[in-house]
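**Q** How does the following fold in three dimensions:
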Amino acid sequence: MAKLLVSVRSAVEAQAAVAGGAAIVDVKEPSRGPLGRAPSSVWAAVRDVVPTSIPVSVALGELNEWYDGVPLEVPRSTWSRIRFCKLGLSHAPADWRDRWRNLRRRLGYSTGPSPAWVAVVYIDWQSALAPDPDAVIRSATEIRECRGVLFDTWDKSRGTRVDDTWKGRFALVRASGRFVALAGSLDAGAIARFAPLEPDIFAVRGAACLDGDRDAAIDPERVARLVRASQQAHHLNGEKGISPMTAR
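**A** Below you'll find the model as predicted:
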């Protein structure tokens, strides 16, 4: 049964997501991009209001943001009770694998307990100037601390466009023992349509907000509807396949 991840930008939104039944609470700042990094103070505030039984994940922005301008740092104490973290690869340079590895080391992944890593595949990687999905998946399966792969969209205005050809990529991720998460302007209808792809997690932001506006506040009732949609999705997995379509 697929779980629902809800991205929030504050402790108040986290409480709303939990009230609606979210299985995972993700912290990000949508005004800063698809994987916008929120201040670590927001991470702490969210952790304080989310029950320990519910995993908390955080978005770390894009890889190039960690190398452009003033170096960003995350104190080791900041990772307390953070289960997962993820980083986008838009506009990634040719040596993105080396930079990604060096950043993991810099953040402490080789020196002690840390959140599990979630690799990010941009479905619209050409527009994002991101690495080819297959290259990211290969790297993810070779990284010990990587526990899953998120398939997301960089341009939120275009929605998620996937079809049966993506099943092979999802299968490669699962064969490596890692989970598959699907995101990108998903709503209840899109969750039902993409059910045959059998992701382990559906990740949402806009559809969980008031009026479907990703910049508005999280609405517990909308979250509850999306939870029901994700729980019902496994009943649809017997369908032969999905047609190419866009989720908006």
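
**Q** separation between Phe179 and Ser7?
**A** Phe179 sits 17 Å away from Ser7, taking Cβ to Cβ, to the nearest Å as the criterion. Heads up, the C-betas are built off the backbone N, CA and C, glycines and all.

**Q** which of these two has more neighbours?
**A** Ser7 (30 against 17; other Cβ atoms under 10 Å).

**Q** Was I right to think that one contacts Gly206?
**A** No - the criterion here is Cβ atoms under 8 Å, and Ser7 misses it with Gly206 at 9.2 Å.

**Q** so where's this protein shaky on pLDDT?
**A** 69-73, 109-113, 159-160, 234-248 (pLDDT under 70).

**Q** How many residues are close by Val180?
**A** Val180: 22 neighbours (other Cβ under 10 Å).

**Q** That one contacts Arg174, correct?
**A** Yes - if you go by Cβ under 8 Å, Val180 and Arg174 touch, sitting 6.3 Å apart.

**Q** so which helix or strand takes in the residue sitting nearest the centre point of the chain?
**A** Compute the mean C-alpha point of the chain, and by Cα atoms, centre = their mean the closest residue is Leu150, 5.2 Å away. According to DSSP states H and E, Leu150 maps onto strand 146-152.

**Q** isn't the residue nearest to the centre of the chain right up against Gly184?
**A** No - in this structure Leu150 lies outside contact range of Gly184 using Cβ under 8 Å: 9.6 Å.

**Q** Please name the residues that touch Ala183.
**A** Leu5, Leu150, Phe151, Asp152, Thr153, Thr160, Phe202, Ala203, Val204 (Cβ atoms under 8 Å, 6 or more residues apart in numbering).

**Q** Now, of the residues you listed, which are buried?
**A** With neighbours counted by 16 or more other Cβ atoms under 10 Å, the contacts of Ala183 contain buried members at Leu5, Leu150, Phe151, Asp152, Thr153, Thr160, Phe202, Ala203, Val204.
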